[in-house]
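S.K.: below is the sequence, then the predicted model.
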Amino acid sequence: MNTSNNTTRLATFERVESQVRSYSRSFPKMFDRAVGATIFDDKGRAYTDFLAGCSSLNYGHNQPDLKAALIDYISADGIAHGLDMFTRAKEKFLASFERHILTPRGLDYQVQFTGPTGANAVEAALKLARKATGRDNVIAFTNGFHGVTLGALAATGNGKHRQGAATPLSGVTRAAFDGYYGPDVNTADMLERQLSDPSSGMDAPAAILVETVQGEGGLNAASAEWLRQIEAIARRHGALFIIDDIQAGCGRTGGFFSFDGMGLTPDIVTMAKSLSGMGLPLAVTLIKPEYDTWKPAEHNGTFRGNNHAFITAAAALETFWADGGFEAEVARKAAYLSERLEAIADAHGLRTKGRGMMQGVETQGGEQAQAICKLCFDKGLIIEASGSFDEVVKILAPLTISQKQLAAGLDIVDAAFGAVLGSQLAAAE
């Protein structure tokens, strides 16, 4: 077999890997290495990465400070797997998280290590909310995405993922997200009305679970006012207020938490993706102390003690969150991204969506968005779509990307919109 032949090598995946794979269908190349915001295929061609591991690589690929910390730790025979035992690596992460994230924000949370994925963190949050309140019902929102394990999937709105369960999904009541019925309908008022009416058919909730910006749902961004109203509703009705910050957190929407500066104090916060800083598996559920009612080992997971991830996560906090410099840099890039995307949207009669470095342009349908993303990939840019119909072209560039590379990537996006929508307009005429 000629293993240097790309077609032959890709055939290995067709022959052996499950059909469930998805991203490789949009980006059918053999990728080999990556640095910063650039990923290279095995032929050496460079691609700018506007996907960033679906926001798992907010600090880019192989960030030097994080990589050095991990190499040093491994070279010194540091513990790799520790279950939930005390290790210096875990202590380093917890101390850094407390010093740079919790204390400056006046937050008091117990940190539960749940296992490697965001879905693990959500499952723990839902389970704990039900345990703490003695209730079963969880209120989640239209277009929300919280994972594909059964508990998290019940709270997820996406029909394709829900159908994959092949079993009834229960314990969740769906409410309308901010703006779901348009700007003139306050969906928080609707939820309050239902919960206040004993004949509405909505059971008293254990929790209200919400994303501040819906990543997979199409970059729907809730206003701070609406979120404060939802939190107040949770308080009035004895429910825990849970924010899923798995994709929108770690600086993606500005502050470390996506709710920074909004006057919110969630009872539980779920985090994963970029928490490790290097793309290593790490997820946590942050719990107000009064709700940390677990008994020892009542909820656990074999890989909740990923010490390599603790090392890189602590290095990320020390490198990027010890002062306000990184946050200010992200704000500047976010403003530039908004300006460029608004120009693209205005040129084609479309609209932008999202917040911070988690923005995109809503096209007229999934076919348009997919054609734009495909053309971008042909031109050396990795980018995906999201939304109910995959209609939103979504930018998730590493937060560390240089201004020059960000601009060049957006030039490709701009040209792709012009080429696809221009050709479709010409065809219609």
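M.R.: Perfect, thanks for sending it. Numbers count the residues shown, from 1 in each chain.
S.K.: please pull out the lowest mean pLDDT helix or strand from the protein.
M.R.: When each helix and strand of the chain is scored by mean pLDDT, DSSP states H and E, helix 6-16 comes last, with a mean of 83.
S.K.: quick one: distance of it to the chain centre.
M.R.: Taking C-alpha atoms, centre = their mean, to the nearest Å, the mean C-alpha location of helix 6-16 is offset from the chain mean by 30 Å.
S.K.: how far away is residue 129 from residue 219?
M.R.: The spacing between residue 129 and residue 219, counted by C-beta to C-beta, to the nearest Å, is 27 Å. In short, each C-beta sits where N, CA and C put it, glycine included.
S.K.: also residue 387?
M.R.: 7 Å.
S.K.: cool, and residue 409?
M.R.: Note on residue 409: its distance to residue 219, by C-beta to C-beta, is 17 Å.
S.K.: with residue 400 instead?
M.R.: Taken as C-beta to C-beta, the span from residue 400 to residue 219 is 21 Å.
S.K.: more neighbours, those two?
M.R.: Neighbour count, other C-beta atoms under 10 Å: between residue 400 and residue 219, residue 219 has more, with 26 against 21.
S.K.: who's in contact with the more buried one?
M.R.: Counting by C-beta atoms under 8 Å, 6 or more residues apart in numbering, residue 219 touches 213, 353, 354, 358, 359, 360, 362, 386, 387, 392, 394.
S.K.: could I get the residues you listed as TSV with distance to residue 323, pLDDT and neighbour count?
M.R.: Below are these laid out as TSV (distance: C-beta to C-beta, whole Å; pLDDT from 0 to 100; neighbours: other C-beta atoms under 10 Å):
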residue	distance to residue 323	pLDDT	neighbour count
213	25	98	23
353	31	98	24
354	26	98	29
358	23	98	27
359	25	98	25
360	30	98	27
362	36	98	21
386	33	97	26
387	36	96	24
392	34	98	28
394	30	98	27
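S.K.: list the buried residues for stretch 310-330?
M.R.: Of all the residues in stretch 310-330, those buried under the rule 16 or more other C-beta atoms under 10 Å are 310-321, 326-327, 330.
S.K.: what does stretch 183-199 give?
M.R.: 186, 187, 188, 191, 192, 194, 195.
S.K.: packing partners for the longest helix along the chain?
M.R.: If you go by DSSP state H, the chain has its longest helix at helix 403-428. Helix 403-428 sits against strand 46-49, helix 325-348, helix 366-378, strand 381-382, strand 392-395, with contacts defined as 3 or more C-beta pairs under 8 Å, 6 or more residues apart in numbering; DSSP states H and E.
S.K.: on that earlier part again, which neighbours do residue 387 and residue 219 share?
M.R.: Common neighbours of residue 387 and residue 219 (criterion: C-beta under 8 Å, 6+ apart): residue 362.
S.K.: distance of the most centrally placed residue in the chain from residue 31?
M.R.: The residue lying closest to the centre of the chain (C-alpha atoms, centre = their mean) is residue 247, at 1.3 Å. Distance of residue 247 to residue 31, given as C-beta to C-beta: 22 Å.
S.K.: and residue 65, how many neighbours?
M.R.: 15.
S.K.: pLDDT score for it?
M.R.: Looking at residue 65, its pLDDT is 98.
S.K.: which helix or which strand is home to the closest residue to it other than its chain neighbours?
M.R.: Computed as C-beta to C-beta, 6 or more residues apart in numbering, the closest residue to residue 65 that is not its neighbour in sequence is residue 319, at 4.7 Å. Residue 319 belongs to helix 307-320 when assigned by DSSP states H and E.
S.K.: identify the residues contacting that helix?
M.R.: Applying C-beta under 8 Å, 6+ apart, the contact partners of helix 307-320 are 59, 63, 65-66, 69-70, 73-74, 78-82, 87, 89-90, 92-93, 95-97, 100-101, 251, 274-278, 280-282, 326.
S.K.: let's see it at 6 Å
M.R.: Contact with helix 307-320 is made by 59, 65-66, 69-70, 73, 79-80, 82, 87, 89-90, 92-93, 96, 100, 275-278, 280, 282, 326, as judged by C-beta atoms under 6 Å, 6 or more residues apart in numbering.
S.K.: can you list the weak-confidence ranges in the stretch 301-429 of the chain?
M.R.: 423-429 (pLDDT under 70).
S.K.: the next helix or strand after the least confident helix or strand of the chain: how far from the chain's middle?
M.R.: Following helix 6-16 in sequence order, the next helix or strand is helix 23-26 (DSSP H and E). Averaging C-alpha positions (C-alpha atoms, centre = their mean) puts helix 23-26 19 Å from its chain's average.
S.K.: give the next helix or strand downstream of helix 23-26.
M.R.: Sequence order places strand 31-35 as the next helix or strand after helix 23-26, per DSSP H and E.
S.K.: tell me which residues in the helix or strand that comes right after that following strand are buried?
M.R.: Next helix or strand after strand 31-35 toward the C-terminus (DSSP H and E): strand 38-41. Using 16+ other C-beta under 10 Å as the test for burial, strand 38-41 gives 38, 39, 40.
S.K.: state the mean pLDDT of strand 38-41.
M.R.: Computed over strand 38-41, the mean pLDDT rounds to 98.
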